[in-house]
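1. The sequence and its predicted three-dimensional model are supplied below.
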Amino acid sequence: MATKFSKDDQNHTSLENDLPPVDLELIAQGVRLILEGLGENPDRSGLQETPRRVAEMYAELTSGMREDPRQHVIPLPGDKHDEMVIVKDIQFASMCEHHLAPFVGKCHIAYIPKEGRILGISKLARLAETFSRRLQLQERLTTDIANTLYEGLKPIGVMVVIEAAHTCMTLRGVRKADAKTITSAVLGGFRTDPRTRAEAMALITGKE
């Protein structure tokens, strides 16, 4: 029986998805059908364990669908800082929801604390990791991270820049191996103050 999704599910608007556990057996059955559709024999020695392996891989690569990213946006008690914070080159891997093909790259996150509220540096990486481990679009991944940080920490401003290579573009279709996609989300003071935005971009790119 086909699973039915609500309008909210289709719009992918929820931060914490109330989903059932991953059905590894159902995924494995689907992989067997794919192999059969390709003309392969799923029962030959080299492919016997492939459905199980693929099911486990998909479960790992989409584990963020069952996590609440807001758990990572909790200010550190007692610590105060009011200057720009940047964590750059956060490596990630995500799954394109259009082709179920991976895209990989780096995420750069900058924010300006307000009233001294800051996060542990590792929390920014965990925030990016939680959102990347979902069926995603790069554009949505960028805004998901920025909006959650902005709403949870209430800083003066947030900037998120992501650069990634998409295998659905590098391995198929136009097959441009060196192509990268760059997206950004700019909120608060970074949007209203061009000089602050330029300073952050210079620190992220290493270019004055």
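-> Now that the structure is in, tell me what you want to look at. Because the structure is predicted, anything quoted here is derived from the model rather than measured. Numbering: from 1, shown residues only.
2. before we move on, which element is A185 in?
-> Assigned by DSSP states H and E, A185 falls within strand 181-188.
3. So for stretch 38-58, first residue to last residue, what's the gap.
-> Taking C-alpha to C-alpha, to the nearest Å, the first and last residues of stretch 38-58 lie 20 Å apart.
4. any idea how far the closest residue to A185 other than its chain neighbours is from I86?
-> Excluding the flanking residues, the one nearest A185 by C-beta to C-beta, 6 or more residues apart in numbering is A146, at 3.6 Å. Every C-beta, even on glycine, is put in place using the N, C-alpha and C of the backbone. Here A146 is placed at a distance of 14 Å from I86 (C-beta to C-beta, to the nearest Å).
5. and if you look at I112?
-> Going from I112 to I86 by C-beta to C-beta gives 10 Å.
6. which of these two has more neighbours?
-> I112 (20 against 14; other C-beta atoms under 10 Å).
7. Show me what the more buried one is bridged to.
-> Beta bridges link I112 to G157 when assigned by DSSP bridges.
8. Neighbours of the residue nearest to A185, how many?
-> 25.
9. Surely it touches L187?
-> Yes. With contact defined as C-beta atoms under 8 Å, A146 reaches L187; the gap is 5.6 Å.
10. Name the residues contacting each of these two.
-> V158, M159 (C-beta atoms under 8 Å, 6 or more residues apart in numbering).
11. give the contact list for the residue nearest to A185.
-> Here A146 is in contact with V158, M159, V160, A185, V186, L187 (C-beta under 8 Å, 6+ apart).
12. next one: P155
-> By C-beta under 8 Å, 6+ apart, the residues touching P155 are Y111, I112, P113, K114, R117, L149, G188.
13. just the helices in this protein please.
-> 7-11, 24-37, 50-61, 121-132, 138-153, 167-170, 189-192, 194-205 (DSSP state H).
14. List the buried residues of the fifth one.
-> Of the residues in helix 138-153, those buried by neighbour count under the rule 16 or more other C-beta atoms under 10 Å are 138, 140-146, 148-150, 152-153.
15. A101: which of these is nearest?
-> A101 lies nearest to Q138 out of these, by C-beta to C-beta, at 12.4 Å.
16. picking that back up, nearest to L61, of the contacts of P155?
-> The shortest approach to L61 among the contacts of P155 belongs to L149, at 22.8 Å (C-beta to C-beta).
17. and the gap between the residue nearest to T192 when sequence neighbours are not counted and I34?
-> Nearest non-adjacent residue to T192, counting by C-beta to C-beta, 6+ apart: G157, 7.9 Å away. Per C-beta to C-beta, G157 is found 45 Å from I34.
18. Which one's more surrounded, these two?
-> Just comparing G157 and I34: by other C-beta under 10 Å the higher neighbour count belongs to G157, 23 against 13.
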